[in-house]
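A.B. asks: A predicted structure for the sequence below; I have some questions about it.
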Amino acid sequence: LYKFDAVNLTWTSLTTFVRGPSPPVRDSYGFGEYNGKLYLFGGYSNTACLNDLFLLDLASLTWIDATPATALAPRPPPRLGMGFIRFGLLFFAFGGNDADGYPMGDLWYLDPDKLLWTNLTDSASGDVPSPRAGSGMA
């Protein structure tokens, strides 16, 4: 974990200052900030496609594993390369590749205050995008 100072153009490693259960190393994840916390969702780690959720409290530099403890809690299936964005008070995740490498076309939102996922796939209408990975959202 690194911090970049855009004024002085300097990098600082924060690894020795961070506490808590660090998430597995990964790529192709969703990442965003809300209310002083960084939210890290899914991605690919070594040989596994993930759907876990970790928060980094920026004030205390403490990782929190916020992955639902029960299989009954709704959450997106494992994925990598999804579109991921915060809009207002919610995070949205669209598509990505599943564990077999196939593109997905589902749409989910995360309420960061309640740490609850909601599947919007069947609620969305109009010109719904085809399944895809590596897409951006704005």
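C.D. replies: Cool, the structure landed. These numbers were taken from a predicted model, which means no experiment stands behind them.

A.B. asks: how about low-confidence regions in this structure?
C.D. replies: 71 (pLDDT under 70).

A.B. asks: what's near enough to touch the residue nearest in space to the middle of the chain?
C.D. replies: With distances taken as C-alpha atoms, centre = their mean, Phe41 lies nearest the centre of the chain, 2.3 Å away. Going by C-beta atoms under 8 Å, 6 or more residues apart in numbering, Phe41 touches Tyr29, Gly30, Phe31, Asn51, Asp52, Leu53, Pro76, Phe84, Phe91, Ala93, Leu110. Heads up, the C-betas are built off the backbone N, CA and C, glycines and all.

A.B. asks: how about a cut-off of 7 Å?
C.D. replies: Tyr29, Gly30, Leu53, Phe84, Ala93 (C-beta atoms under 7 Å, 6 or more residues apart in numbering).

A.B. asks: So it: helix, strand or coil?
C.D. replies: strand (DSSP: H, G, I helix; E, B strand; the rest coil).

A.B. asks: could the contacts of Phe41 be laid out in TSV, adding secondary structure, distance to Leu115 and neighbour count?
C.D. replies: Converted to TSV, the contacts of Phe41 look like this (DSSP: H, G, I helix; E, B strand; the rest coil; distance: C-beta to C-beta, whole Å; neighbours: other C-beta atoms under 10 Å):
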residue	secondary structure	distance to Leu115	neighbour count
Tyr29	coil	17	22
Gly30	strand	15	26
Leu53	strand	7	23
Phe84	strand	16	26
Ala93	strand	14	25
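
A.B. asks: Looking at these, which one is closest to Ile64?
C.D. replies: Ile64 has its nearest neighbour among those in Leu53, at 9.2 Å by C-beta to C-beta.

A.B. asks: need the contact list for the residue lying closest to that closest one once chain neighbours are set aside.
C.D. replies: Excluding its sequence neighbours, the residue lying closest to Leu53 (C-beta to C-beta, 6 or more residues apart in numbering) is Ala66, at 4.6 Å. Ala66 makes contacts with Leu53, Phe54, Leu55, Leu115, as judged by C-beta under 7 Å, 6+ apart.
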